[in-house]
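Compute the structure for the input listed below.
(2 chains)
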Amino acid sequence: MPVHAMTPDYKGEVLDRLENFHGNQVVYVGWDHHLMFCAAFAYPVPPEMPFTALLNEVMPDAFGMHGEFEKINWEKTEWLLDGQPFIPQLDVSLADQGIAHKSLLRFQTPELTGYQGAGV
Amino acid sequence: MAKKLNIKDKYRLLTRDLDWEYSYEDRKEAFPFEEFEGIKITDWSKWEDPFRLTMDSYWKYQAEKEKKLYAIFDAFSQNNGHLNVSDPRYVNALKLFLTGVSPLEYQAYQGFAHVGRQFGGVGARVACQMQAIDELRHVQTQIHAMSHYNKFFDGFQDYSHMHDRVWYLSVPKSFFNDARAAGPFEFMVAIGFSFEYVLTNLLFVPFMSGAAHNGDMATVTFGFSAQSDEARHMTLGLEVIKFLLEQHEDNVPIVQKWIDKWFWRGSRLLTIVAMMMDYMLPNKVMSWKEAWEVYFEEAGGALFKDLARYGIKMPKYAETIEKEKEHISHQAWWTFYTHGHAAGFHTWIPTDEELDWLSEKYPDTFDKYYRPRWELAKEMEAKGERFYTKALPQLCTTCQIPMLFTEMDNPTLNSFRDTVHNGERYHFCSDGCKDIFEDEPEKYVQSWLPVHQIFQGNCGGPDVENVLSDFYRMNLGEDNMDMKGSPDEKRWKQWKGVA
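Modelled structure (predicted):
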């Protein structure tokens, strides 16, 4: 049952649908085992944005506060898109490589183990 | 002359006999909320009245408590009671209480007033109406208890406005909105039973003992004054469960599902209490882990043994919850510390003594997973770069908490769950929150998630700073940021004559 309501066939208004974001879509980006940042970050970005812009213009501001961020070898970094292994194409737009509204991107840097090697 | 009524007769006349037979209206139309949840009530007269209080004795009793309570508030105020608290950091626990918890008392009043109209049985209606009045009294006395602090500390001034808007306060607000938007029976299982009967001890005992340990007589007195009400509320919560389970066997799976849901939602909500106990109280009462063991595992365990004869099992996810007691307070305070610029109270790094206390209380987890975060924070602070995170976090669609919780068997990895409903992807912090969504997606697609609302331009802007100052009405530089260097701290030092 979609909801236990008094009204038959009750439908809720989807507050976070794409058209409510004025041309942007939400993309979440998380760095696994780096809990200096308590959660993945949420970014409102245009679906046409190429991946390289997300990586080089959007992410460094907040992620760059971590001492290991500049040591990341992006060629060896492993990515997950909505839980599935993913190889980003730098010059292709987010939308064209399947990074949809409210997609979650996670990256893993096994050689970097966080502050004091504690996953921080 | 009429015979004087005894208490029992008076009670019956003033409660049960308020009901009447419907001669020209359809009873189902008079109580339209009673059937849609699938709960079957065969005989309302089997309801055992838990309060047995008539209105006149209720007023008399409450008025006496009120007189004593306000006499103590006056004395507290005239004697500058705020100067006797253990440490000005303590007052931040009160700010969290006033913005996060007191408005829930008001929501409880609204919820009980609603179901106090909607139940077909007069005994249940009267009990809920009385609880509604209690809840209204609680919100009033809490506001009055804390109004003294508002004269001397920042962050108390706009608690009601903040409750409706501030990002982390959407967590308690949406919790109650969810319960109030449910049918009357689910509301009673959610608030009357799960919250008031089982979890309330984990909210009130820590805050009130925290107040006692930290010299806050106003809050302690409020706590005592509310205690006898709470005892009645707990009796009502238990009566509801037993009544539903005894009325019809078809009610058992429905009630079990609500118990599973509301225990999970309640344990998520209590994360703020966990963090308050372990990090915000300068004089500690006990650790969150200890409180959870005493009030949930022991007391709750006994209760569920008692309910087993109806076919009710321990709440689903109880095993996950048991592991979480080692982690959630640390994960939550780190979140608030790193978002200290966007909080309506002050945050700080625990002192060295406090870090050692945490190591002692959490020997299996603190030094391994959480102490390094505070070492990092100290290092950054020493360089003059107090850490404030620069982007907004992903939120759980159900509990609305930032997705800060980790896998309990892999505590350096955030726990991510998601589901796709009608082509839209939704994210959750846990299996519990995901299952709740999947059971009623059309309810939770409407979640007002503060981060998304900011992105949609519904909270002012354009910058986060404008959202904080204009939409949330925080006084930036006064209400928020670190305790160190705050106006609260400066004033305290002046009052105490410390340089």
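
At which residues are the helices of the stretch 301-450 of chain B located?
B:318-324, B:328-338, B:352-361, B:371-382, B:431-439, B:441-444, B:450-455 (DSSP state H, counting those that start in this stretch).

For chain B, which residue gets nearest to chain A?
In chain B, the residue that lies nearest chain A is B:Thr412 (2.8 Å; C-beta to the nearest C-beta). To be clear about C-beta, it is placed using only N, CA and C from the backbone, and glycine gets the same treatment.

got a list of what the spatially closest residue to that residue that is not a sequence neighbour touches?
Leaving aside its chain neighbours, B:Thr412 sits nearest to A:Gly119 (2.8 Å; criterion: C-beta to C-beta, 6 or more residues apart in numbering or on different chains). Shown in contact with A:Gly119 (C-beta atoms under 8 Å, 6 or more residues apart in numbering or on different chains): A:33-35, A:113, B:369, B:411-413.

Also B:Ser486?
B:154, B:346, B:478.

next one: B:Glu293
B:Lys325.

Would you confirm that B:Leu169 contacts B:Gly100?
Yes: applying C-beta atoms under 8 Å, one finds B:Leu169 in contact with B:Gly100, separated by 5.7 Å.

who touches both of these two?
Shared contacts of B:Leu169 and B:Gly100, defined by C-beta under 8 Å, 6+ apart, comprise B:His163.

List only buried entries from the contacts of A:Gly119.
A:33-35, B:369, B:411-413 (16 or more other C-beta atoms under 10 Å in any protein chain shown).

need these in CSV with pLDDT and distance to B:Met276, can you?
What follows is the buried ones among the contacts of A:Gly119, written out as CSV (pLDDT from 0 to 100; distance: C-beta to C-beta, whole Å):
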residue, pLDDT, distance to B:Met276
A:His33, 98, 28
A:His34, 98, 27
A:Leu35, 98, 21
B:Tyr369, 98, 20
B:Pro411, 97, 21
B:Thr412, 98, 24
B:Leu413, 98, 26
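
Can you tell me which of these is nearest B:Pro315?
Nearest to B:Pro315 among the buried ones among the contacts of A:Gly119 is B:Pro411, at 22.5 Å by C-beta to C-beta.

doesn't B:Thr365 make contact with the closest one?
Yes: at 6.9 Å, B:Pro411 counts as touching B:Thr365 under the criterion of C-beta under 8 Å.

between these two, what contacts are shared?
Both B:Pro411 and B:Thr365 are in contact with B:His327, where contact means C-beta under 8 Å, 6+ apart.

Can you list the residue ranges for helices in chain A?
Along chain A, the segments classed as helices by DSSP state H run A:51-53, A:59-63.

Centroid-nearest residue for chain B?
Nearest to the mean C-alpha position of chain B, by C-alpha atoms, centre = their mean, lies B:Val101 at 5.3 Å.

Pretty sure it sits against B:Val171.
No: B:Val101 lies out of contact with B:Val171 (C-beta under 8 Å); the separation is 11.4 Å.

Now tell me what touches stretch B:73-82 from outside.
Contacts of stretch B:73-82 (C-beta under 8 Å, 6+ apart): B:91, B:144-145, B:148-149, B:152-153, B:216-218, B:221.

in stretch B:404-418, what counts as buried?
B:404-406, B:408, B:411-418.

what residue ranges in chain A score low on pLDDT?
Within chain A, the segments meeting pLDDT under 70 span A:1-2.

In it, which residue sits closest to chain B?
Counting by C-beta to the nearest C-beta, chain A gets nearest chain B through A:Gly119, at 2.8 Å.

circling back to that earlier point, filter the contacts of A:Gly119 down to just the ones in strands.
If you go by DSSP state E, the contacts of A:Gly119 have B:411-413 in strands.

Output the residues you listed as JSON lines; include the columns distance to B:Val85.
Shown next, in JSON lines, are the ones in strands among the contacts of A:Gly119 (distance: C-beta to C-beta, whole Å):
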{"residue": "B:Pro411", "distance to B:Val85": "34"}
{"residue": "B:Thr412", "distance to B:Val85": "36"}
{"residue": "B:Leu413", "distance to B:Val85": "39"}
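
ok, which stretches of chain A are strands?
Counting by DSSP E, chain A has strands at residues A:25-31, A:41-45, A:78-81, A:84-86, A:103-108.

Which neighbouring elements make contact with the last one?
So that's strand A:103-108. strand A:25-31, strand A:78-81 (3 or more C-beta pairs under 8 Å, 6 or more residues apart in numbering or on different chains; DSSP states H and E).

hmm, who's touching that strand?
Residues contacting strand A:103-108 (C-beta under 8 Å, 6+ apart): A:27-33, A:40, A:77-83, A:86, A:99, B:394, B:416, B:418, B:425, B:427.

do the same with stretch B:283-290
B:86-87, B:90, B:206, B:209-210, B:213-214, B:273-275, B:277-278, B:291, B:294, B:325-326, B:328-329, B:357-358, B:361-362.

mind listing the strands for chain B?
Secondary structure of chain B, counting by DSSP E: strands at B:392-393, B:406-407, B:410-414, B:417-421, B:424-428.
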